[in-house]
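> what follows is a predicted structure for the sequence shown.
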Amino acid sequence: MIKLLLVEDDANLCYIIRGGLEDMIGGYAVITASNGEEGLKIWKEECPDVIVSDIEMPVMDGYEMVRRIRETDGNTPIVFTSGRVSPKDVVKGYELGVNNYIKKPFLAEELDAHIGALLKMKQGIGAKNESEVYKIGENYVFDAAHAVLKHTSGVQKTLTEREAKLLQMLCERKNDVVRREAILSKLWDTDDDFFASRSLDVFVTRLRKFFADDERVQIKTVKGVGLCLDDRG
């Protein structure tokens, strides 16, 4: 069973979502929390396989909960469920480390499909050969098998599944252009082209920040074509 932490302050909606997921074939072991603070506590104690969270909640909202989780945990898939899916809200969530959004109202089957896609992506990273290590610039080593970016100073950053997949795609074609359509097709399971394209831009911005201290490394946008990891190290 997939252990799922559901963070939702609406008791009736929480009951409906939980029931729908627990009735799925294969089933989910659903643990619930009514706000971000409670969710944070349960995450530390239970180590769930996936987190599904509302954004607007009392005591601690979803944004703050995710920010604290991502300080130490870059691996656990997190899905936001919310009516707030404006570009501004989407960007904020992805910048904090959310893996996906699903707009309320939704069916349990729809949420299950999103979770399944995220877990397959995570399993794909774990199944990679441990020899898949890429040197980037003068200061970085990217361990794709464990989704870890290491700096020569000893500091390391655990990437989210999408960050790691995107960086690996660029590393595999270092100094060549990877077409934007190929990235979106592989990493975003959605029919919303605008949503996926805007999300990709956020992830690119985050990756660029990781390499900010190495002038020999740039993630370049080739307008109308795609992305290129320009590595002169």
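Here it is on my side, so go on.

> could you find the closest non-adjacent residue to the spatially most central residue of the chain?
Taking CA atoms, centre = their mean, the centroid of the chain lies closest to N99, which sits 2.8 Å from it. The shortest distance from N99 to any residue other than its chain neighbours is 4.8 Å, reached at P77 (CB to CB, 6 or more residues apart in numbering). The way it works is simple: take the backbone N, C-alpha and C, and place the C-beta from them, glycine included.

> can you pull out the strands in this protein?
2-7, 28-33, 50-53, 78-82, 100-103, 133-136, 140-143, 148-151, 156-158, 177-179, 217-222, 226-231 (DSSP state E).

> identify, out of these, the most deeply packed stretch.
Among the strands of the chain, strand 50-53 has the highest mean neighbour count (mean count of other CB atoms under 10 Å), at a mean of 25.

> going by contacts, tell me the helices and strands next to that one.
strand 2-7, helix 36-46, helix 62-69, strand 78-82, helix 108-126 (3 or more CB pairs under 8 Å, 6 or more residues apart in numbering; DSSP states H and E).

> which of those sits closest to A212?
Nearest to A212, of all the helices and strands packed on strand 50-53, is helix 62-69, at 19.9 Å by CB to CB.

> about what we covered before: isn't the residue nearest to the centre of the chain right up against R162?
Yes - checked against CB atoms under 8 Å, the pair N99 and R162 is within contact range at 6.3 Å.

> sorry, back to before: quick one: the strands of the chain as CSV, columns for distance to Y94 and mean pLDDT too.
As requested, the strands of the chain are exported to CSV (distance: least, CB to CB, whole Å; pLDDT from 0 to 100):
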stretch, distance to Y94, mean pLDDT
strand 2-7, 18, 96
strand 28-33, 22, 95
strand 50-53, 14, 97
strand 78-82, 10, 92
strand 100-103, 8, 87
strand 133-136, 22, 89
strand 140-143, 20, 89
strand 148-151, 18, 88
strand 156-158, 16, 84
strand 177-179, 19, 92
strand 217-222, 16, 94
strand 226-231, 16, 94
